[in-house]
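Peer 1: sharing a model prediction with you, sequence too.
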Amino acid sequence: MSFELALVWESLPKIVEGMGLTIELLVLSLVVGTALAVGLVLMRISGIAVLEWTAFVYTYIFRGTPMLVQLFIIYHGLAQFEAIRDSFLWVFLREPFWCAILAFSLNVAAYTAEILRGGIQGVDRGLHEAGRALGLKTHQRFLYITAPIAIRLSLPAYGNEIISLLKGTALVSLITMYDITGVARTIVAKTFAPYEIFVSAAIVYLCLTWLIQRGIGLAERRFGRYVRR
């Protein structure tokens, strides 16, 4: 069996058509998931046992189970409950797009919450003492001292999470959605050339990964401009 390089380049424009859906899933899931993560990390550091344990159990479940299982539970499982089908939620949950957004957002929230918590714990306690000595209140110390440093410390791991989510979006091809992988699978069904087509898909993913890495690198330099020698 020969490898046809021409077929790789011919299929690239068609596969790129699925990039819009992939990016849409990535961005929306990141926005919603990161917002949820902020709430979770505040619960983890609140000092209130009920909130701490609730956030811990949440992150443990979503970090300890595969994203594919979570996606299938939401897409295939929730539809079995009549209460869900009769509620306003069914307007969204009957659509694979919103099921994917929900699954990815919940997963991102769990991982990002732990990333942010690690960043917060990495802030030198001496800085808190300095802020207290200057008369800053607790919320002021968190906003103006802890948060900016924690964000800078969390950026490398958060960048890895974005890339992991980008690759995870390929799972939506299993629930009848035509993202990059979904489009590639339809082309394979027509051409019977899986190697060439999936190499084309890999090229598109690599290009998106490079852009994400560049963006995170710029953000790191921006937040770390005060600590560079």
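Peer 2: Here it is on my side, so go on. Numbering: from 1, shown residues only.
Peer 1: quick one: distance of stretch 15-26 to the chain centre.
Peer 2: Counting by Cα atoms, centre = their mean, to the nearest Å, stretch 15-26 is centred 15 Å from the centre of its parent chain.
Peer 1: now stretch 29-44: buried residues?
Peer 2: S29, L30, V32, G33, T34, L36, A37, L40, V41, L42, M43, R44 (16 or more other Cβ atoms under 10 Å). C-betas here are computed from N, CA, C, even on glycine.
Peer 1: and what of stretch 44-58?
Peer 2: Buried residues in stretch 44-58 (16+ other Cβ under 10 Å): R44, I45, L51, A55, Y58.
Peer 1: can you put the residues you listed in a markdown table and add distance to A133 and secondary structure?
Peer 2: Output for these, formatted as a markdown table (distance: Cβ to Cβ, whole Å; DSSP: H, G, I helix; E, B strand; the rest coil):
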| residue | distance to A133 | secondary structure |
| --- | --- | --- |
| R44 | 27 | helix |
| I45 | 22 | coil |
| L51 | 29 | helix |
| A55 | 31 | helix |
| Y58 | 36 | helix |
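Peer 1: least confident pick among those?
Peer 2: On pLDDT alone, I45 ranks lowest of these, at 90.
Peer 1: for L40, give its distance to Y111.
Peer 2: Distance, L40 to Y111, by Cβ to Cβ, to the nearest Å: 10 Å.
Peer 1: try G118
Peer 2: Taking Cβ to Cβ, one finds G118 at 11 Å from Y111.
Peer 1: which one's more surrounded, the two?
Peer 2: Under the criterion of other Cβ atoms under 10 Å, the comparison of G118 against Y111 puts Y111 first, with 20 against 14.
Peer 1: quick check on E17: phi, psi?
Peer 2: E17 has phi and psi values of phi -60, psi -30 when expressed as degrees, to the nearest 10.
Peer 1: run through the residues that contact the nearest residue to it once chain neighbours are set aside.
Peer 2: With sequence-adjacent residues excluded and distances taken as Cβ to Cβ, 6 or more residues apart in numbering, E17 is closest to V183, at 6.0 Å. V183 is in contact with K14, I15, E17, G18, counting by Cβ atoms under 8 Å, 6 or more residues apart in numbering.
Peer 1: dump those residues to TSV, plus pLDDT and distance to A157.
Peer 2: Formatted as TSV, those follow (pLDDT from 0 to 100; distance: Cβ to Cβ, whole Å):
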residue	pLDDT	distance to A157
K14	91	35
I15	93	29
E17	91	32
G18	93	28
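Peer 1: tell me the helices and strands packed up against the longest helix seen in the chain.
Peer 2: If you go by DSSP state H, the chain has its longest helix at helix 194-223. The helices and strands touching helix 194-223, judged by 3 or more Cβ pairs under 8 Å, 6 or more residues apart in numbering; DSSP states H and E, are helix 5-16, helix 19-44, helix 147-168, helix 180-191.
Peer 1: which stretches of this structure aren't confidently modelled?
Peer 2: 1-3, 225-229 (pLDDT under 70).
Peer 1: verify the contact between E4 and V199 for me.
Peer 2: No: taking Cβ atoms under 8 Å as the definition, E4 is not a contact partner of V199, at 10.2 Å.
Peer 1: tell me the helix or strand right after the helix or strand hosting E114.
Peer 2: For E114, the host element (DSSP states H and E) is helix 96-121. As assigned by DSSP H and E, the chain's next helix or strand after helix 96-121 is helix 125-133.
Peer 1: contacting residues around G122?
Peer 2: G122 makes contact with I149, A150, L153, according to Cβ under 8 Å, 6+ apart.
Peer 1: quick one: the first one from E220, how far?
Peer 2: Distance check for I149 against E220: by Cβ to Cβ, it reads 13 Å.
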